[in-house]
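> Structure, please.
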Amino acid sequence: MTEQINRRDFFKRAAVSTAGVSLAMSGASTGSVLSANDRIRLGLIGCGRQGVDNMRHFMKQGVEVAAVCDVYEPNLQKGLEAAGGKAKALKDFRQVLDDKEIDAVIVATPDHWHALPTVMACQAGKDVYVEKPICVAVEEGKKMVEAERKYKRVVQVGLWQRSNLHFQKAAQLVQDGLIGKVSFVRTENYSDIYPDGIGNPPDSDPPPGLDWDMWLGPAPKVAFN
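This next block holds a predicted model:
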């Protein structure tokens, strides 16, 4: 049976997909900017660098940012500024989900906070763009998929490297055998900080403006470092 959706739901789902494609194409506009009547109201959960960048791409598609949320006050203010200063500034993501006027959310939290907000957003009737990795445990991923299907939501994971044309071309070269039989692959990731690396500071009190307990959330309780 074909699912029947109204005009606003159609634009809403198209906006989430289009914004995701826009992210994959480095923000290139598709020209599908929504009219005021069909504009989607978005909530950003996690106002770090990646979350704010995602939000800006959604805004380029005509999406209206209704709320920004972060447990760290400096990040929250950066998110609010990037949203144009008119959004609600919240510190508990559940307040975003309780807002009936918000249609979709971006989940750009630390990895251990990806699963719960996504499941709860689906339960609240909101579509979701969740950052990679989708979760930190297989069972979490299963629950996320179950929620997406049960509540008939649009959920997209930010695996933009699967969408960019040069990555698709590289995969095609391998699959077509044009570079010969691949028997060994080496990948490396350098993430050092000059001159002393990331260092090994002692545990300390959380910085002002950080709700450390909420940042930890479902993760084991440890001291701030």
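> average pLDDT for stretch 114-131?
The average pLDDT within stretch 114-131 is 98.
> Span of it from start to end?
8 Å (CA to CA, to the nearest Å).
> Give the buried residues for it.
114-122, 124, 126-131 (16 or more other CB atoms under 10 Å). C-betas here are computed from N, CA, C, even on glycine.
> Let me know the pLDDT of residue 20.
Note for residue 20: predicted pLDDT of 57.
> C-terminal to the least confident helix or strand in the chain by mean pLDDT, what's the next element?
Least confident helix or strand of the chain, by mean pLDDT, DSSP states H and E, is helix 7-24 with a mean of 55. Per DSSP states H and E, the first helix or strand lying C-terminal to helix 7-24 is strand 41-45.
> Just checking: what are the partner strands of that following strand?
With DSSP bridges as the test, strand 41-45 is paired with strand 64-69 (parallel), strand 104-107 (parallel).
> So which other helices or strands are in contact with the following helix or strand past the first one?
Moving toward the C-terminus from strand 64-69, the next helix or strand (DSSP H and E) is helix 73-82. With contacts defined as 3 or more CB pairs under 8 Å, 6 or more residues apart in numbering; DSSP states H and E, helix 73-82 has these neighbours: helix 49-60, strand 64-69, strand 88-90.
> what about helix 73-82, distance to the chain center?
With CA atoms, centre = their mean, to the nearest Å as the basis, helix 73-82 stands 16 Å off its chain's centre.
> quick one, which of the strands paired with strand 41-45 is packed in tightest?
For the strands paired with strand 41-45, the largest average neighbour count (mean count of other CB atoms under 10 Å) is found in strand 104-107, namely a mean of 28.
> Need the contact partners of it.
12, 15-16, 40-46, 51, 54-55, 58, 63, 96-97, 113-114, 117-118, 121, 126-131, 154 (CB atoms under 8 Å, 6 or more residues apart in numbering).
> Help me confirm that residue 76 comes into contact with residue 46.
No: at 10.1 Å, residue 76 does not count as touching residue 46 under the criterion of CB atoms under 8 Å.
> okay, these two: which has more neighbours?
More neighbours surround residue 46 than the other of residue 76 and residue 46, with 28 against 19 (other CB atoms under 10 Å).
> Specify the beta-bridge partners of residue 45.
residue 69, residue 107.
> Report pLDDT for the residue sitting furthest away from the middle of the chain.
For the chain, the largest distance from the centre (CA atoms, centre = their mean) belongs to residue 180, which lies 36.7 Å off. Residue 180 is assigned 92 on the pLDDT scale.
> Dihedrals phi and psi, it?
Per-residue torsions, residue 180: phi 80, psi -180 (degrees, to the nearest 10).
> if I look at it, how far off is residue 76?
51 Å (CB to CB, to the nearest Å).
> what number of residues lie near the residue lying closest to residue 221 once chain neighbours are set aside?
With sequence-adjacent residues excluded and distances taken as CB to CB, 6 or more residues apart in numbering, residue 221 is closest to residue 213, at 7.9 Å. Neighbour count of residue 213, defined by other CB under 10 Å: 10.
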